[in-house]
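Chemist: pasting a predicted model and its sequence here:
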Amino acid sequence: MGRHDTRVTKQRLLIANRGEIAVRIIRTCREMGITSVAIYSDADRDALHVELADEAYRVGPALASDSYLSIGAILEAARKAKATLVHPGYGFLAERGHFAQAVGEAGYTFVGPSAAAIEQMGDKAAARRIADAAGMPIVPGTRDPVDVDAARKEAPRVGYPLLVKAAFGGGGKGMHVVRDAKHLEDSLKRAAREAQSYFGRPEVFLERYVDRAHHIEAQVIADTHGEVVFLGERDCSVQRRHQKLIEETPSPLVDDALRERFAQAATSLVREASYVNAGTIECILDEDGSFYFLEMNTRLQVEHTVTEMVTGLDIVALQIDVALGGSLAGLEVAPRGHAIQCRINAEDPGRNFLPGPGRITRYVEPGGPFVRVDSGVTAGREVPGDYDSMFAKLIVAGADREQARHRMLRALDEYRVEGIPTTIPVHRWILETEAFRESTHTTTWLEKALADAHLPAQGDLSQGAAARPTRPQDILVEVDGRRIPVRIFDERREAAPKAPSGHGGHGGEHVHGEIRAPMQGTIVKVLVEKGQSIRAGEVVCILEAMKMENHIASTREGEITDLPIRPGQVVETGALLAVID
């Protein structure tokens, strides 16, 4: 495989994604001599990935279902751009088999596994059967998706605590721990609702939940010539609500003997599934050193960066080469040192991780030896509330884990983001804990430890921003398919919006019995009725923002006298949700 091969440099690659992963793929395309094509929604018209790409095409309004999830719009953009390749990134359509199939039928090469492999491994019940056939241990659970009635019957066999999981998805969405029978039905319904919202299918299944477990995963890649390569394992045990916050490689709990067994099991599973291109096999590691298959992510992972830092390999470049028929024969994998990644989200840990989209008024990235930042923003750009809250990833490498930890702390101290809340403070806190230093943390550790963290809420983020002079901005507009540079003076929102206030991260501002939205979002469910009596702490509605469900609770007792909301309604920050007298 060679980056100057004309087979590669004549390609035009459309990235069916946005944000930092689109920027990261664009950079590899530039190194390989491939023309990069971006897509954007109205919310991302001035986004960094649009600016950096060689070409960019609008695919629809801000709503993801009408833009980044619109296969028709994306394929039309590919047609206009005369693309030859389509890379899905991660999230959105990356693990939808029908998208890979549509790309192939339209005459483009999909940079990823086949549609059949995506469907097969995306069906968690089918994936468990394949893992079992390949000799990889699996966690006890239901073989097939279940409804509420079937779940009631199966739950005693699986055993509590158990996990309700979306059958066709990942990323912690549609996933809930159930510790006893009385909470089973509510968890099933919520998981099914989230699964339908995020993945377009409501099916769920049950799985035994291991309380004290580490999360390890195998990065693999396979070509069309039968070569399967294990690129190493990662440890992703720092999680909150099944969402990863910090990832590292190698795992501090995996020795050479365990790594060899893990690699053999992972590559056997890839061969059993006839899988091609990059993928990740996720497992839990028990306290006795036994690992169990959870699922396979049939795409590039957010945390692929740490593997790149220790191997020196560009996984996106490998993906492209494999998609074009290249061979992995002779690929040398010789990891050195240790790498850690922190996901930088627009959330306030001091307000129970309340999402805080808005305009970034100041942005300074850290630098220095062995420091990498994969970012989708710069100063003056918006972090939209329409999509995931992650806007950057900070990655460092060191000769060993302790050096990498110290380097990450130094880099976090250098990182400056103003105008929006960020998760930087909680990353600093985690890295300094004894549990992280000694690698005794598990996937459930952070939830409990945060209760004693006492992280302060981030203050009024708009202070001082309004006094800054308006600066001209160069943007690109599209006129009849042609992009034209235009300079504008935009005085609409030089000041970032004030950080939403909250009580315990649940409710918004409560003035004279009013409950207001702490952020922009969509009302998923209304749990009360007008005229109903309510107690303090009871949930009024579920508000979805930045791919997170937020339970908006009452802070007082009384009667609901006004309820001007309905499911599916989009509300702005500060919008009235209910009045309690």
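Modeler: Cool, the structure landed. Fair warning: this is a prediction, and the values are worked out from it, not measured in the lab.
Chemist: model confidence over the lengthiest strand in the chain, on average?
Modeler: What stands out as the longest strand in the chain, according to DSSP state E, is strand 228-240. For strand 228-240, the mean pLDDT works out to 97.
Chemist: export that strand to PDB, keeping only CA atoms.
Modeler: Extracted in PDB, the C-alpha atoms of strand 228-240 (Å, rounded to 0.1, in the frame of the first residue of the first chain):
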ATOM      1  CA  VAL A 228      -6.600  -9.900   9.900                       C
ATOM      2  CA  VAL A 229      -4.500  -7.700  12.100                       C
ATOM      3  CA  PHE A 230      -4.800  -6.900  15.900                       C
ATOM      4  CA  LEU A 231      -3.700  -3.400  16.600                       C
ATOM      5  CA  GLY A 232      -3.800  -3.600  20.300                       C
ATOM      6  CA  GLU A 233      -6.300  -3.200  23.200                       C
ATOM      7  CA  ARG A 234      -7.700  -0.100  24.800                       C
ATOM      8  CA  ASP A 235      -9.100   0.400  28.300                       C
ATOM      9  CA  CYS A 236     -12.300   2.500  28.400                       C
ATOM     10  CA  SER A 237     -13.300   2.000  32.000                       C
ATOM     11  CA  VAL A 238     -13.800   5.600  32.900                       C
ATOM     12  CA  GLN A 239     -17.500   6.000  32.100                       C
ATOM     13  CA  ARG A 240     -20.500   7.900  33.100                       C
END
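Chemist: in that strand, which residues are buried?
Modeler: 228-240 (16 or more other Cβ atoms under 10 Å). Any C-beta I mention is one placed from the backbone N, CA and C, and that applies to glycine too.
Chemist: immediately after it, which helix or strand?
Modeler: Going down the chain from strand 228-240, the next helix or strand is strand 243-249, by DSSP states H and E.
Chemist: now do the strands in the stretch 301-450 of the chain.
Modeler: Ranges of strands in the stretch 301-450 of the chain, per DSSP state E, counting those that start in this stretch, are 338-345, 347-348, 354-355, 358-359, 362-364, 371-375, 382-383, 390-398, 416-418.
Chemist: any weak-confidence spans in the stretch 151-300 of the chain?
Modeler: Applying pLDDT under 70 to the stretch 151-300 of the chain flags the ranges 169-173, 197-198.
Chemist: would you list the strands that whichever strand or helix holds residue 282 pairs with, along with their directions?
Modeler: Element membership of residue 282, judged by DSSP H and E, is strand 277-285. Applying DSSP bridges, strand 277-285 is found paired with strand 214-222 (antiparallel), strand 291-297 (antiparallel).
Chemist: which non-adjacent residue is nearest residue 287?
Modeler: residue 212 (5.7 Å; Cβ to Cβ, 6 or more residues apart in numbering).
Chemist: er, residue 68 actually
Modeler: Take residue 68 and drop its neighbours on the chain: the residue closest to it by Cβ to Cβ, 6+ apart is residue 92, 4.7 Å away.
Chemist: surely the one you found is within a helix?
Modeler: No - assessed with DSSP: H, G, I helix; E, B strand; the rest coil, residue 92 is coil; it does not lie in a helix.
Chemist: how about the contacts made by residue 84?
Modeler: 10-13, 108-109 (Cβ atoms under 8 Å, 6 or more residues apart in numbering).
Chemist: look up the closest residue to residue 422, ignoring the ones flanking it.
Modeler: residue 344 (5.8 Å).
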